[in-house]
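> Whatever this is, show me its structure:
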Amino acid sequence: MLCACPEKGARVKQTRQRPAASRRLAPVSASAVADSALDASAARAADPMKALLVRLAAALTMLLLLLAAPIAWSADPARNSFLALCYHDVEDHDPDPNFVGVSTAHLAEQLRWLQSDGYRFVSLDAVLAARDDGVPLPEKAVLLTFDDGFASFYTKVFPILKAFEAPSILALTGAWMAGPPGSIVGYGDRLLPRETFLSWAQVRELVGSGLVEVASHTFDLHRGIPANPQGNSEPAVVTHRYDRATATVESDEAYRRRLDSDTATMAREIERETGHPPRVLVWPYGEYNEFARSIAARHGMPITFTVVDSIATPDNLGAMPRYLVASDPDLGTFVNRLQRLTETGPLRVVQVDLDYVYDADPAQQERNLDRLVERIARMKISTVFLQAFADPEGTGLAQAVYFPNRELPMRADLFNRVSWQLRTRAQVKVYAWMPVLAFDFGDSVSTVQAWNPRTGQSRTDATGYRRISPFDALGRRKVLDLYEDLARAAPFAGLLFHDDALLSDFEDASPPALAVYARAGLPASIDAIRADPVAMQRWTELKTETLIEFTHELTARAQRFRSPLKTARNLYARPLLDPTSEAWFAQSFDRFLDAYDYTAIMAMPLMEDVPPRDAESWLRRIVDAVAARPLGLKRTILELQAIDWRRHGDAPDRKVSTATLGHQMRLLADLGAPNFGYYPDNFVEDHPAATRLYRDFSLQSNPYRP
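All right, here's what the predicted structure looks like:
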């Protein structure tokens, strides 16, 4: 049997309750090169009529695109914005389904269109001049980059670049160039002839043209290495190697030496072969972290490139975003994607308890994992909030976690495995869902204390959570260590800060908290603070900012080993609907919008004791309140509930019907809310029913329409 974890309902009840206080030819013209590429496409047609039709279709496409509305993005003169494009191989045979490249015809077509639409090809020197000397970049500047050092860059790309007088950055991987002629190179899962990649003699000729700048793509880190006990292979730059023989993980010092040695080796290789030390490092797979960036900078490469669909700016060259041009897009697809480059697509989110996947039997645990991944893949959604801590008993207190760490017991080394499987098999972004304060570190740390006005005494657990005090230095250090350990141990795209990060209007009365209040000039006791409206407001704001500042520290520690990271934080509905209730939670929707990429509002009417007949109007109030802020709808995720956690005598928690969830999702979409999801997901019992929910939830069936 799959582990049904029947006790999880109790955990959800407790952790969701309200606070008690409620990518060599002679030079010719650019147009001639592009026309030649189009002729090549037409020549592939079987007869003259088909060839004519191909050329007519291409000409019509060009005409329509040139007449179409301009790209939505245009450079911001104040920021000198520019577009960086990432290309790989250029091939003209029928590519395999995983082809990360373009055909010669499509490359020429794309560059000609860019030029016709007003784009101007710029060099890295121009970008640096914009940053250092204030020399403005041309409007709609575009920087071309080519990764992996394919020989096609010399034979096919370089003639086109010369025709357009377009500078480029060429990123080389040393190990792939090191073998003798006739040898075999391992490229991902494929074995390729050494001649697939450039020779250093070719590179020197390219550099001599003045159009090509060589960048490091690492010497031998463009590959995967073992990452967990289950045998997953993950990007070498950001992964601490797992040794199955000893069941140990690479130390930080060994990791540092490995990255440092490789970075130094490739820098020396490029300088020896070209006469110029590299100043750019292009991250394999676009994967990097702050630790790796610091090493690159020490070896003269403070400029690095990743792969993120966004616009770049000269003032942020430490990890420049690039749009990956892959799978040989035709011109229409290429232009359409550029038009949507700066759009933030809608999010569909499922929040998953890893406790459901865990099983003491490894074989059963793998079956559980397969079932979860297959379910998420069928849903065609964007994001999973994945539990990284263990809470099988439903206490709301993290006493163990699912990753190697230095502070708490590890129930199983499972988070890495599940996160990687969801990312690679289900094609979703995974956010690590973690508490902020609700960790059991024993009596070594101070916990949040609630003051009782009747007795004048304070106690723990007044709001249903045992939490460390955010004012306790030792407790904060332990949580910071946990977040760093999580980032060291596993891949994830973001952090979801749990709803335990709250302080009621009677909290925190612990000694460390009182000491902070005194230093802030507040009265000496909670009683005195509450008696003074001005002090009460200052106290509330101090607590709100303390929790926000702490989550920023947690993000910074995680970014040491995992970058970039998005952030989301849970928010109860009450502070949104009644801003004066910030005092009861130390939570503020407006401050959250400024502080995080997303605010995940618990839009859960039953949890808030809203009668079913009023649920729709209550959700309308939620959306109206969010929409009242300029970035509200764009930066908010509305989380619906799939379980009614209210107790009905001795009866267990009741499922919210799939029909009800679907209706609520349709309502949110109709009201213009693009980002929504639900919690919890019960993949064991198929609740909510994935097939029936698909119409209202999947991004393939219900995309957001403004």
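> can I see the domain layout of this protein?
Per automatic domain parsing, the structural domains of the chain span 30-222+277-339, 344-441+471-503+564-697.
> Between the two ends of the last one, how far is it?
Read it as domain 344-441+471-503+564-697. From the first residue to the last, domain 344-441+471-503+564-697 extends over 17 Å; the measure is C-alpha to C-alpha, to the nearest Å.
> for it, what is the average pLDDT?
Confidence over domain 344-441+471-503+564-697, taken as the mean pLDDT, stands at 96.
> roughly how far out does it sit from the chain middle?
When C-alpha coordinates are averaged (C-alpha atoms, centre = their mean, to the nearest Å), domain 344-441+471-503+564-697 and its chain have centres 15 Å apart.
> Also the shortest one?
The offset between the C-alpha centroid of domain 30-222+277-339 and the centroid of the whole chain comes to 23 Å, using C-alpha atoms, centre = their mean.
> now Trp113: how far from Leu338?
Between Trp113 and Leu338 the distance, using C-beta to C-beta, to the nearest Å, works out to 9 Å. Backbone N, C-alpha and C define where each C-beta goes, glycine included.
> just to revisit the earlier point, return the most buried member of the domains of the chain.
When you average the neighbours per residue for each of these (mean count of other C-beta atoms under 10 Å), domain 344-441+471-503+564-697 leads with a mean of 20.
> Now do the helices in the stretch 501-650 of the chain.
Read by DSSP state H, counting those that start in this stretch, the stretch 501-650 of the chain holds these helices, from start to end of the chain: 511-519, 526-531, 533-559, 573-577, 582-585, 589-595, 615-627.
> Nearest to Leu668 among the ones you listed would be which one?
Across the helices of the stretch 501-650 of the chain, the minimum distance to Leu668, taken as C-beta to C-beta, is reached by helix 615-627, at 6.6 Å.
> I'd like to know which elements that closest one is packed against.
Using 3 or more C-beta pairs under 8 Å, 6 or more residues apart in numbering; DSSP states H and E, the elements in contact with helix 615-627 are helix 573-577, strand 636-641, helix 658-670.
> Touching it from outside, list them.
Counting by C-beta atoms under 8 Å, 6 or more residues apart in numbering, helix 615-627 makes contact with 573, 576-577, 589, 601, 603, 605-606, 608, 610, 632-633, 636, 638, 664, 667-668, 671-673, all of which sit outside it.
> go with 7 Å
The contact list for helix 615-627, computed with C-beta atoms under 7 Å, 6 or more residues apart in numbering, reads 573, 576-577, 601, 603, 605, 610, 632-633, 636, 638, 664, 667-668, 671-673.
> Kindly report the same for stretch 262-269.
Residues beyond stretch 262-269 that count as contacts (C-beta under 7 Å, 6+ apart) turn out to be 174, 216, 218-221, 277-278, 295-296, 299-301.
> rerun that using 8 Å as the cut-off
172, 174, 216-221, 277-278, 281, 295-296, 299-301.
> Report the contact partners of the closest residue to Leu221 other than its chain neighbours.
Nearest residue to Leu221 in three dimensions, chain neighbours excluded: Ala236, at 4.4 Å (C-beta to C-beta, 6 or more residues apart in numbering). Neighbour list for Ala236: Leu221, His222, Arg223, Gly224, Ile225, Pro284 [criterion: C-beta under 8 Å, 6+ apart].
> Same check on Arg695?
Listed by C-beta under 8 Å, 6+ apart, the contact partners of Arg695 are Gly662, Ser701, Asn702.
> The residue lying closest to the second one once chain neighbours are set aside sits in which helix or strand?
Yep, that's Ser701 we're talking about. Ranked by C-beta to C-beta, 6+ apart and with sequence neighbours excluded, the top spatial neighbour of Ser701 is Arg695, at 5.1 Å. Counting by DSSP states H and E, the secondary-structure element that holds Arg695 is helix 690-697.
> ok, back up a step: closest to Trp539 among the contacts of stretch 262-269?
Sorting the contacts of stretch 262-269 by how near they are to Trp539, with C-beta to C-beta, puts Ile295 at the top with 43.7 Å.
> Please render the domains of the chain as JSON lines that adds distance to Gln537 to the earlier fields.
Formatted as JSON lines, the entries for the domains of the chain read as follows, by distance: least, C-beta to C-beta, whole Å:
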{"stretch": "domain 30-222+277-339", "distance to Gln537": "36"}
{"stretch": "domain 344-441+471-503+564-697", "distance to Gln537": "8"}
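> of those, which approaches Ala531 most closely?
Closest to Ala531 of the domains of the chain is domain 344-441+471-503+564-697 (C-beta to C-beta; 13.8 Å).
> Reformat the helices and strands packed on helix 615-627 as TSV; add distance to Ala377.
Conversion of these to TSV gives the following (distance: least, C-beta to C-beta, whole Å):
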stretch	distance to Ala377
helix 573-577	31
strand 636-641	21
helix 658-670	19
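> These: which one's closest to Trp584?
For Trp584, the closest of these is helix 573-577, at 7.1 Å, according to C-beta to C-beta.
> Not counting its own residues, what contacts the closest one?
Taking C-beta under 8 Å, 6+ apart as the rule, helix 573-577 contacts 18, 22, 581-582, 584-585, 587-589, 601-604, 608, 621-622, 625-626.
> 7 Å instead, please
The set of residues that contact helix 573-577 without belonging to it, under C-beta under 7 Å, 6+ apart, is 22, 581-582, 585, 587-589, 601-603, 608, 621-622, 625.
> Could you check how far stretch 496-504 is from the centre of its chain?
Put simply, stretch 496-504 sits 21 Å off its chain's centre (C-alpha atoms, centre = their mean).
> Now the terminal residues of it, how far apart.
Across its full length, stretch 496-504 reaches 21 Å between end residues, using C-alpha to C-alpha.
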